[in-house]
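Student: I'd like to go over a predicted model; first the sequence, then the structure.
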Amino acid sequence: MQNSLWLVGIEKLPINKLTTSLNCDVCIVGGGLTGIYTAYLLAKKGVNVVLLEGNSSVGIATTGHSTGKLTPQHDAVYAKLLQSFTVGETQRYYHANVNAIESAISNLPIELYQKADSYMYATTEQGKKTLEDEIEAYKTLSIPGFETLETELPFEILSSIKLPNTAQIHPTNFALHFAKLAMKEGANFYVNSRVTKVVIDEKTVYVEDDLQVSFNHLVLATHYPIEAVKGLQIAKLSVDRSYLTATKTSELLKGQYISVDSPSRTIRTALINNQPYFIYGGSSHIAGTIEDTQNYYETLQNEVVSKFDLPKPEYLWSAQDPNTADSLPYVGPITENESNVYIATGYRKWGLSNSLVAGEIISSAIIKEKHEAADIYNPSRNQFGKTMLRMLNLIGFTVANLTEGYLTRMDAPKCTHLGCRTRWNDGDETWDCPCHGSRFDKFGNVIEGPAVYPLDLK
Ligand code: FES
């Protein structure tokens with residue numbers, strides 16, 4: 001059963017359910033960090049904003065299941081980006097993340113973030129080679145990271161790259177802080193208000209209980225966009241699942257770590273109510289394709305005990321991450337023709353800093369200011385070869401899962417998105433859809449879209 005460390009004892013903000021239909025200038029669907037930060041930046045500029053969240057609180061879904069690393073070291077991504085983007089474009093990705101993090105934490109109370117150096121490490125020859133390529137990319141891009149064998153890890157490594165002076169956060173408290181600021185600036189937030197339909201031509205979203213919100217601008221900040229057909233994101237985004245655990249420890253680490261080996265591992269510590277916790281996670285597979293996910297948790301729990309000499313983790317949770325073909329998120333207008341409807345998705349596993357960048361890009365576009373990274377994050381960017389290949393693969397994958405589900409899981413409930421058969425996930429006790437990553441709790445309620453309606457479990 002999922003129990004994220006970041007959801008323990010969190011503050012309950014006084015946010016109501018939507019009870020009347022509304023008009024607004026900007027409607028934001030989704031109360032994770034992307035939606036919240038966009039609302040905050042717009043409200044600060046005096047824009048009339050309504051934010052709709054389907055869950056009982058903002059900041060608890062995707063944001064509340066992340067690692068809480070706030071760093072531009074997005075695993076070994078820079079060598080990869082240089083295969084698709086120019087040096088200048090890749091530098092703009094790096095600087096957009098650095099600047100967004102700095103801007104967000106510049107006025108933050110000190111208890112809401114900690115400075116921590118970010119490390120990528122390798123324990124295999126293949127991982128070492130990955131880091132050799134990545135350090136070359138750092139040099140090309142003038143990223144101030146360097147190779148070192150000095151880490152706090154209790155096992156031998158072959159190589160690591162350290163990027164000093166990055167940050168880590170309690171992601172839910174961080175998001176709630178900006179939610180409070182946004183509401184103080186006049187943004188109107190609503191929880192338990194799930195959007196069931198988006199009609200772009202009518203400039204209206206439909207909310208449960210027959211309510212409507214009319215907008216001039218719409219921001220779909222739902223992680224996987226609930227409207228992903230218009231811009232064909234449905235055929236461009238794959239969704240991965242990875243796993244996290246937390247256990248009590250006695251010491252805090254100065255660094256935060258990620259391995260570039262396969263399976264990957266992520267490591268950091270956090271201080272919660274004066275108790276240090278050790279957070280350990282990793283492994284990844286296509287969402288909705290594995291039934292026996294309990295195995296993944298058990299492997300991580302055993303490694304915490306055997307490699308770090310710590311108690312078996314009691315907090316276990318998983319995260320889902322949409323990926324794009326070229327490793328850069330899609331942030332901006334959903335299509336070239338719908339310039340008033342924005343999406344923000346495809347963050348891979350680096351949603352916290354990319355949420356901040358997304359908030360900046362989308363709010364700048366709405367108030368007609370230029371953002372230095374808008375073109376490289378643009379969902380309509382031209383990466384024709386890679387994107388086409390990805391689309392063909394994903395369409396094939398979806399059709400295969402649709403067919404396989406109907407042949408082998410006749411009794412599994414049908415996903416309310418596009419009808420693929422879901423799969424029961426015993427580790428998290430959820431119904432998962434392999435086609436586009438929708439998740440439902442054991443009662444059939446939507447945990448994560450693009451589905452918006454509950455499962456029919458009858
Ligand atoms: Fe698309 Fe289930 S998420 S069919």
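Tutor: Here it is on my side, so go on.

Student: use CA for all of it now, contacts and neighbours both
Tutor: Will do.

Student: Surely residue 36 forms part of a strand?
Tutor: No. Read with DSSP: H, G, I helix; E, B strand; the rest coil, residue 36 is helix and lies in no strand.

Student: could you list every residue that touches it?
Tutor: By CA atoms under 8 Å, 6 or more residues apart in numbering, the contact set of residue 36 is 51, 175, 178, 179, 182.

Student: and the next element down the chain from the least confident helix or strand in the chain by mean pLDDT?
Tutor: Lowest on mean pLDDT, DSSP states H and E among the helices and strands of the chain sits helix 384-408, with a mean of 61. As assigned by DSSP states H and E, the chain's next helix or strand after helix 384-408 is strand 423-425.

Student: Count the residues that sit near the nearest residue to residue 370 once chain neighbours are set aside.
Tutor: Excluding the flanking residues, the one nearest residue 370 by CA to CA, 6 or more residues apart in numbering is residue 364, at 6.2 Å. Using other CA atoms under 10 Å, the number of residues around residue 364 comes to 17.

Student: Show me the shaky parts of the stretch 351-458 of the chain.
Tutor: Scanning the stretch 351-458 of the chain with the threshold set as pLDDT under 70 gives 382-409.

Student: would the residue nearest to residue 370 count as being in a strand?
Tutor: No. If the criterion is three-state DSSP, then residue 364 is helix and not within a strand.

Student: Could you check how far it is from the ligand?
Tutor: With the distance defined as CA to the nearest ligand atom, to the nearest Å, residue 364 ends up 31 Å from the ligand.

Student: Within range of the ligand, give me the residues from the stretch 351-458 of the chain.
Tutor: Proximity of the stretch 351-458 of the chain to the ligand, by CA under 6 Å from any ligand atom, involves residues 415, 417, 418, 419, 420, 433, 435, 436, 437, 438, 450, 451.

Student: So residue 281 sits against residue 265, correct?
Tutor: Yes. Using CA atoms under 8 Å, residue 281 makes contact with residue 265 at a distance of 5.5 Å.

Student: Which one's more surrounded, the two?
Tutor: Using other CA under 10 Å as the criterion, residue 281 and residue 265 rank with residue 281 on top: 27 against 21.

Student: Of the residues of the stretch 351-458 of the chain next to the ligand, keep whichever come out buried.
Tutor: 415, 417, 420, 433, 435, 436, 437, 438, 450, 451 (16 or more other CA atoms under 10 Å).

Student: which ones are touching the fourth one?
Tutor: Residue 433 makes contact with 287, 288, 289, 415, 420, 421, 422, 423, 439, according to CA under 8 Å, 6+ apart.

Student: With residue 255 instead?
Tutor: Neighbour list for residue 255: 116, 117, 118, 119, 152, 268 [criterion: CA under 8 Å, 6+ apart].

Student: bridging residues for residue 26?
Tutor: Applying DSSP bridges to residue 26 yields these beta-bridge partners: residue 49, residue 217.

Student: And for it, the neighbour number?
Tutor: Residue 26 has 26 neighbours, counted by other CA under 10 Å.

Student: show me what contacts it?
Tutor: With CA under 8 Å, 6+ apart, residue 26 has these contacts: 47, 48, 49, 50, 215, 216, 217, 218, 219.

Student: what do you get if the cut-off is 10 Å, keeping everything else the same?
Tutor: Taking CA atoms under 10 Å, 6 or more residues apart in numbering, we find residue 26 in contact with 39, 42-43, 47-51, 187, 213-219, 340-341, 363, 366.
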